[in-house]
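> Fold the following for me, if possible:
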Amino acid sequence: MESLDQGSSPITIAAPSVMELIRGANLHTKANEREKILALIRSLVILPLERESAILAGDIESELILGGEMIEPEDVMIASIAQTHHETLLTRNQKHFARIKDLKIRAY
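Numbers count the residues shown, from 1 in each chain. The predicted model follows:
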């Protein structure tokens, strides 16, 4: 996070990632941790699932299904939003997202 803060570009997050963060905060953290997560979310630019990214998500998911390499629908949406907005997806699960062709990925 510190290296991201030092950059001149705004830090973005896909809307489905916000849902995943809140779900995790509600299920697995204490109330004060949820407030920290909300503060972080409020500091980010949220990229929505718009028409172009939704169409791309459908294309990506169907291609993965046909190839027998399904991943969670939220992750397909996150990947399509990143691609639509020409963003690099920052993830702990590089192997998981590597199934999606032409997706720029950076592991942390």
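
> Quick check: closest non-adjacent residue to the residue nearest the centre of the chain.
For the chain, I78 is the residue whose C-alpha lies nearest the centre (Cα atoms, centre = their mean; 3.9 Å). Leaving aside its sequence neighbours, I78 sits nearest to A14 (Cβ to Cβ, 6 or more residues apart in numbering; 4.4 Å). Yep, even glycine has a C-beta here, placed from its N, CA and C like the rest.

> quick revisit: which residues are contacting the helix or strand that contains the residue nearest to the centre of the chain?
Assignment of secondary structure by DSSP states H and E places I78 within helix 73-84. For helix 73-84, the surrounding residues in contact (Cβ atoms under 8 Å, 6 or more residues apart in numbering) are 14-17, 19-20, 47-50, 52-54, 56-57, 60-61, 64, 87-89, 96-97, 100, 102-104.

> hmm, 6 Å instead?
With contacts defined as Cβ atoms under 6 Å, 6 or more residues apart in numbering, helix 73-84 is touched by 14, 16-17, 47, 49, 52-53, 56-57, 60-61, 89, 100, 103.

> Roughly how far does R51 sit from L103?
To L103, R51 is 19 Å away according to Cβ to Cβ, to the nearest Å.

> out of those two, which sits in the busier spot?
Neighbours were counted for R51 and for L103 using other Cβ atoms under 10 Å; L103 has more, 18 against 8.

> where does the more buried one land in three-state SS?
Secondary structure state of L103, per DSSP: H, G, I helix; E, B strand; the rest coil, is coil.

> Going toward the C-terminus from the helix-or-strand element of the chain with minimal mean pLDDT, what's the next helix or strand?
Least confident element among the helices and strands of the chain, by mean pLDDT, DSSP states H and E: helix 2-5 (a mean of 57). Remark: after helix 2-5, the chain's next helix or strand is strand 12-14, criterion DSSP H and E.
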